Structure formats: C-alpha cells, structure tokens
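K.L.:
Here you go, sequence then predicted model.
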Amino acid sequence: MKSADQGTSERVRYMAVPRTLIFVTSVNPENGDQEVLLLKGAPDKRLWANKYNGLGGHVEADEDVLASAQRELREEAGLEPDDWALRGVIHIDTGSDEHGRRPGVVVFVFRAWSTVRRVWGTEEGKPVWISLRNVGEDDLVDDLYEIVPRTMADGPVFYAHYRPRADGTLEYEFRSLTEHQAA
C-alpha cells in the first residue's frame, strides 16, 4: 500500500490530530489505597492551569500511539510502566477554524500500572498520586469526571464524541461497544 493511496491529499477533508491521555495506577504502600497519577497543571499553563488532568500529549509522525504514550509518560513523570491497556478513544470535533477548515482531535486513552511511584514534574505541571476514592473531589479538567471512572473500570473500551456548542464549550457523549450494539 502506498502512502499516496490513503486519500488525504485528493481534496480538503476533515483532519484530526492524534493525542494520548494516560492514567497510571498504583497501590500506596502506606495505606493500601489504589491511586491514580494525575498532572496538576502549572499555574502559568495556557490550558488547564491548576487543574488535574491525565498525562499525555501529541503523537509524533514517527511513532505509534503506544510509543507516544510511553514517551509522554517518561517525559512528564519519569515513569516506564510495563502493563498498558487501551481503555478509550475520544473523537473531538473542534468546529470550523478562522480559515473554514474543520480540524479535530482523536485521543487514545490508556491505563498503565506501576509499582514505581517516584515521579518528577516539568514546566507543564506536577504529577500527583490521588486515591481513586477521592479523585472526584479534586479540581479536574471537566471531562475527567467521566473519563477516569471509565478508564479504571474493567470491561469494554469506551468511545466518546465531543461536539462544539454555540457558546464554544463542548458537549460530551460516551458509549461502550455494548452500548453501540444496543442502540
């Protein structure tokens, strides 16, 4: 198969930027709580300052989505877990831009397990271990209240579609394969 046969250059089409979002879990050795690693955004960060988010970022042209997730986790927290699972795929329609194009984002959501708990921060923010029992009490990026429980649950991969509203916010729709089959 040739790269030119992929149908991306014959006309302007909807295009999406691939990204990864990672939630690492571990057991706190002091109290036995299962915890998830979240990134508390730096106070001067352009997006989500002082809010908790998963770790992750853009997929580079020369890597697959798992390699991207592994790289991002190394860069943002210094972790290299062995146990990885794809837990969700989110398609974000960002609406039309100022040039009439309609760029989007596709996020691949991973869960990883780590026995190593020592992490470091970067200019992006500080990784923090938070008990899964208390994660909803923190100031999360708004879609994480839905993403974290779905990522931590056993069962099928979840799928989500975000679409723009007139006020610029996004409307979220989540489903799993079993919900797709029932629809």
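P.N.:
Yep, it's here. Residues are numbered from 1 along each chain as shown.

K.L.:
And the next helix or strand past the helix ranked longest in the chain?
P.N.:
In terms of residue count, the longest helix belonging to the chain (DSSP state H) is helix 65-77. Following the chain from helix 65-77 toward its C-terminal end, the next helix or strand by DSSP states H and E is strand 83-93.

K.L.:
who are the neighbours of that following strand, in terms of helices and strands?
P.N.:
Here strand 83-93 is seen to pack against strand 15-27, helix 65-77, strand 103-113, helix 144-152, strand 158-164 when contacts are counted using 3 or more CB pairs under 8 Å, 6 or more residues apart in numbering; DSSP states H and E. To be clear about C-beta, it is placed using only N, CA and C from the backbone, and glycine gets the same treatment.

K.L.:
switch the cut-off to 6 Å
P.N.:
Packing partners of strand 83-93 (3 or more CB pairs under 6 Å, 6 or more residues apart in numbering; DSSP states H and E): strand 103-113, strand 158-164.

K.L.:
and the ones you listed as CSV, adding mean neighbour count and distance to Lys40?
P.N.:
Formatted as CSV, the entries for these read as follows, by neighbours: other CB atoms under 10 Å; distance: least, CB to CB, whole Å:
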stretch, mean neighbour count, distance to Lys40
strand 103-113, 19, 19
strand 158-164, 17, 23
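
K.L.:
will you turn those into CSV that also has mean pLDDT and distance to Leu39?
P.N.:
Formatted as CSV, the entries for the helices and strands packed on strand 83-93 read as follows, by pLDDT from 0 to 100; distance: least, CB to CB, whole Å:
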stretch, mean pLDDT, distance to Leu39
strand 103-113, 95, 14
strand 158-164, 94, 20
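
K.L.:
before we move on, the earlier item: touching the longest helix of the chain from outside, list them.
P.N.:
Where contact means CB atoms under 6 Å, 6 or more residues apart in numbering, the residues beyond helix 65-77 that reach it are 20, 22, 55-57, 59, 79-80, 108, 110, 119, 122, 127.

K.L.:
distance of the residue lying closest to Glu60 once chain neighbours are set aside from Gly104?
P.N.:
Excluding the flanking residues, the one nearest Glu60 by CB to CB, 6 or more residues apart in numbering is Ser68, at 6.5 Å. Counting by CB to CB, to the nearest Å, the separation of Ser68 from Gly104 is 17 Å.

K.L.:
Tell me who's in contact with His58.
P.N.:
Neighbouring residues of His58 by CB under 6 Å, 6+ apart: Arg19.
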